[in-house]
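S.K.: Sequence and predicted structure are below.
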Amino acid sequence: MEQRYLYRLAEAYLLRAEAKFYQDNESGAAADVNEVRKRAKCTELYSGSVTIGDIMDERARELYWEEWRNVELTR
């Protein structure tokens with residue numbers, strides 16, 4: 001049986017933001033997080049850089065009820 005994985009666009013942006021953060025590309029991570037925020041029509045965007053906490057907070061807001069937060073924070 002073939003397995004398929006489904007990702008939301010916001011989740012893909014946030015995964016990429018996390019990867020960029022760990023590659024010391026904080027401005028690239030901020031750009032990805034801001035894309036998610038723009039799609040959600042947020043008026044406040046990150047300027048310059050983000051922390052891993054900012055990315056995780058955005059995951060919590062964007063993917064609320066779609067994943068177990070404890071699993072996400074301990075991976």
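M.R.: Here it is on my side, so go on.
S.K.: For the rest of this, base every contact and every neighbour count on C-alpha atoms.
M.R.: Will do.
S.K.: The residue nearest the centre of the chain: which element?
M.R.: Taking C-alpha atoms, centre = their mean, the centroid of the chain lies closest to Leu14, which sits 2.2 Å from it. Using DSSP states H and E, Leu14 falls within helix 9-22.
S.K.: which parts of that helix are buried?
M.R.: Neighbour counts over helix 9-22 (16 or more other C-alpha atoms under 10 Å) mark 10-11, 13-18, 20-21 as buried.
S.K.: Need the distance between the two termini of stretch 1-9.
M.R.: End-to-end distance for stretch 1-9: 25 Å, by C-alpha to C-alpha, to the nearest Å.
S.K.: quick one: buried residues of that stretch?
M.R.: Going by 16+ other C-alpha under 10 Å, stretch 1-9 has no buried residues at all.
S.K.: Return the distance of Ala29 relative to Cys42.
M.R.: For Ala29, the distance to Cys42 (C-alpha to C-alpha) stands at 17 Å.
S.K.: neighbour-wise, which of those two wins?
M.R.: Shown here are Ala29 and Cys42; by other C-alpha atoms under 10 Å, Ala29 has more neighbours (29 against 11).
S.K.: Let's see the pLDDT reported for that one.
M.R.: With respect to pLDDT, Ala29 has a value of 96.
S.K.: Quick one: classify it as helix, strand or coil.
M.R.: With DSSP: H, G, I helix; E, B strand; the rest coil as the basis, Ala29 sits in helix.
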